[in-house]
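K.L.:
what would the 3D arrangement of this be:
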Amino acid sequence: MIKNLLNRKKKQTHDITKVEILSKSSPFAFSEAFKSLRTNLSFVTSANQVKRIALTSAIPGEGKSSVAINLSITLAENGEKVLLMDCDLRKPSIHKYMGFHKMNRQGVSNVLSGTVDPVDVIYRHKTHQFDVMFSGPIPPNPAELLGGKYMDQLFDSLKDRYDYIICDIPPVSVVTDAAVISLKCDGVLMIIKQNYATFEEVKAAKTNLETVKAKILGTVLNQYDLLSEAKDGSRHYYYDHYSYGYGEAPEEEPDSDDIDEVAEVL
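P.N.:
A predicted model of the protein is given here:
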């Protein structure tokens with residue numbers, strides 16, 4: 001089934017940057033999809049004592065970060081204590097998608113460098129009532145930081161404080177970071193965007209995770225469109241390069257954040 005759904009499509013800017021965040025005005029089907037994901041996830045996590053969940057994808061642009069945000073919102077709505085961590089230390093986006101462009105001055109990278117205490121960079125989203133730790137500045141050695149002793153210490157310091165720690169990590173096929181951090185999590189969710197990655201790319205990503213013995217909890221088929229799937233049975237193999245990580249021009253950011261929406265957790 002997955003093989004027939006996944007075609008190689010040209011990556012457009014709006015595919016990468018446009019995201020929808022759950023709110024009271026969200027379409028019913030959109031909200032229900034995440035409630036269904038929450039329910040299915042609860043069956044897996046309760047039986048296996050899963051708390052730290054990494055979200056990744058085969059290639060960039062499949063929506064892992066937006067799914068991580070919306071999953072955190074949905075879990076918090078159910079009364080769970082949730083921490084969302086942006087562990088994509090090469091191309092972080094959680095702060096951008098949540099509208100807190102100026103809140104990323106300190107975060108995960110600072111904690112893993114041993115220069116900041118975790119409690120000083122955890123913020124509470126006032127509306128959705130979950131905590132978030134942004135990525136912080138992009139470091140020169142992301143894989144080493146994610147695989148180092150401070151990552152273990154960070155998780156150990158947070159394990160009794162939260163029911164779920166949702167980690168947004170890099171795509172599997174791009175850098176080794178995903179394999180490194182997935183081993184420190186209790187399970188991995190793979191986000192697959194319809195008509196985006198090829199079956200071969202998804203299969204390779206799954207194989208890479210299995211090779212390092214990461215525990216794959218399941219997959220999320222993102223932006224599924226039944227009508228387009230019925231109309232488009234072909235497969236496209238051209239590729240438009242999307243750079244990931246270093247060497248990109250800095251993005252222009254808004255002058256201010258919606259600072260009223262976050263509060264520092266003391």
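K.L.:
please enumerate the helices of the stretch 51-200 of the chain.
P.N.:
Ranges of helices in the stretch 51-200 of the chain, per DSSP state H, counting those that start in this stretch, are 64-77, 94-97, 108-112, 142-146, 149-158, 177-182, 199-211.
K.L.:
who's in contact with the biggest helix by length in the chain?
P.N.:
Selection of the longest helix in the chain by residue count, based on DSSP state H, yields helix 28-48. Contacts to helix 28-48, defined as C-beta atoms under 8 Å, 6 or more residues apart in numbering, come from residues 20, 22, 50-51, 53, 70-71, 73-75, 78, 164, 186-187, 189, 217-218, 220. Any C-beta I mention is one placed from the backbone N, CA and C, and that applies to glycine too.
K.L.:
list the buried ones in it?
P.N.:
Ser31, Ala33, Phe34, Leu37, Arg38, Leu41, Val44, Thr45 (16 or more other C-beta atoms under 10 Å).
K.L.:
dump those to CSV, plus pLDDT and distance to Ser109.
P.N.:
Output for the buried residues of helix 28-48, formatted as CSV (pLDDT from 0 to 100; distance: C-beta to C-beta, whole Å):
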residue, pLDDT, distance to Ser109
Ser31, 86, 33
Ala33, 89, 32
Phe34, 90, 28
Leu37, 92, 28
Arg38, 93, 29
Leu41, 89, 28
Val44, 83, 30
Thr45, 80, 27
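K.L.:
out of these, who's nearest Ser173?
P.N.:
Ser173 has its nearest neighbour among the buried residues of helix 28-48 in Leu37, at 23.2 Å by C-beta to C-beta.
K.L.:
what separation do you get for that closest one and Leu22?
P.N.:
11 Å (C-beta to C-beta, to the nearest Å).
K.L.:
sorry, back to before: nearest to Asp120, of the helices of the stretch 51-200 of the chain?
P.N.:
helix 108-112 (8.7 Å).
K.L.:
which residues sit against the closest one?
P.N.:
Identification of contacts with helix 108-112 by C-beta under 8 Å, 6+ apart yields 85-87, 89, 116-118, 121, 133-139, 142, 145-146, 148, 150-151, 154.
K.L.:
what subset of those is buried?
P.N.:
Buried among the contacts of helix 108-112 (16+ other C-beta under 10 Å): 85-87, 89, 116, 118, 121, 133-136, 139, 142, 145-146, 148, 150-151, 154.
K.L.:
residue contacts, the residue nearest the centre of the chain?
P.N.:
Geometric centre of the chain, nearest residue: Asp168, 2.8 Å, by C-alpha atoms, centre = their mean. Counting by C-beta under 8 Å, 6+ apart, Asp168 makes contact with Leu55, Lys64, Ser65, Ala68, Leu84, Met85, Asp86, Cys87, Asp88, Ser93, Ile94.
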